[in-house]
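[1] Sequence and predicted structure below; questions after.
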Amino acid sequence: MKTIKIPEVKTLPQIKVTNTKKRVGIMGGTFNPPHLGHMIIAQQVLSQLNLDEILFIPDNVPPHANQKKTINAQMRLEMTRLSTQSNPNFHVDNIELLRGGKSYTYDTIKELKEKNPENEYYFIIGGDMVDYLHTWYQIDKLINLVHFVGVERLGYRKESIYPIVWVDIPMIDISSTKIRKKVKNGVSIKYLVDEKVEKFIEKEGLYRD
């Protein structure tokens, strides 16, 4: 019988895997509740700027003088998860809820950059917020950490002393305020929010008072 010599198996050199730079969009807000307008904006920014993902970050306490009344943070977090779970490029981060206190964008971006220094962040803001950027906490430092993405709003100028990347978004007149009013008045919110969010609001009896 002929002996078959089995060749020696050589160990392949280990390939060092490094993190690739990700382009991450950020949608912040109370999401009280999240609605389809939020989803449309996020998808358009994702597509037009060729981003890898969109992070939805519910705030803990809005850092505005006239603070909005919001429902329990965990309720808002859950609705945001329900609203985004059908899109593999949408993710939810509770970084501001865990930190507590006022939710300053500078603190959030700084923390994200410390955890993921290889990532590039794009913070999405409505055209109505652009004029108030000069009042934001640590704005002069913040503009060096993140790209601002402006979403056009009717009646607001596309001008700023700060660098803004403008994205053309369909004008859709949906707001969380209007949705809350509709629920309170017993009016349908079907097709204004995700179906799972609609059922959650009904089940938990939200916004009726």
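    Sure thing, it's come through. Numbers count the residues shown, from 1 in each chain.

[2] Export stretch 40-51 to PDB, keeping only CA atoms.
    Provided in PDB are the C-alpha atoms of stretch 40-51 (Å, rounded to 0.1, in the frame of the first residue of the first chain):
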ATOM      1  CA  ILE A  40     -39.000  60.100   7.200                       C
ATOM      2  CA  ILE A  41     -36.500  62.800   8.200                       C
ATOM      3  CA  ALA A  42     -34.100  60.100   9.500                       C
ATOM      4  CA  GLN A  43     -34.300  58.000   6.400                       C
ATOM      5  CA  GLN A  44     -33.800  60.900   4.000                       C
ATOM      6  CA  VAL A  45     -30.700  62.100   5.900                       C
ATOM      7  CA  LEU A  46     -29.400  58.500   6.000                       C
ATOM      8  CA  SER A  47     -29.900  58.100   2.300                       C
ATOM      9  CA  GLN A  48     -28.800  61.600   1.000                       C
ATOM     10  CA  LEU A  49     -25.700  61.800   3.200                       C
ATOM     11  CA  ASN A  50     -24.800  58.100   2.700                       C
ATOM     12  CA  LEU A  51     -24.700  57.400   6.500                       C
END
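
[3] Flag every buried residue along that stretch.
    Within stretch 40-51, the residues that count as buried by 16 or more other C-beta atoms under 10 Å are Ile41, Ala42, Gln44, Val45, Leu46, Leu51. Yep, even glycine has a C-beta here, placed from its N, CA and C like the rest.

[4] Wait, the fourth one touches Ile54, no?
    Yes: counting by C-beta atoms under 8 Å, Ile54 is a contact partner of Val45 at 7.0 Å.

[5] Which neighbours do these two have in common?
    The contact sets of Val45 and Ile54 overlap at Gly25 (C-beta atoms under 8 Å, 6 or more residues apart in numbering).
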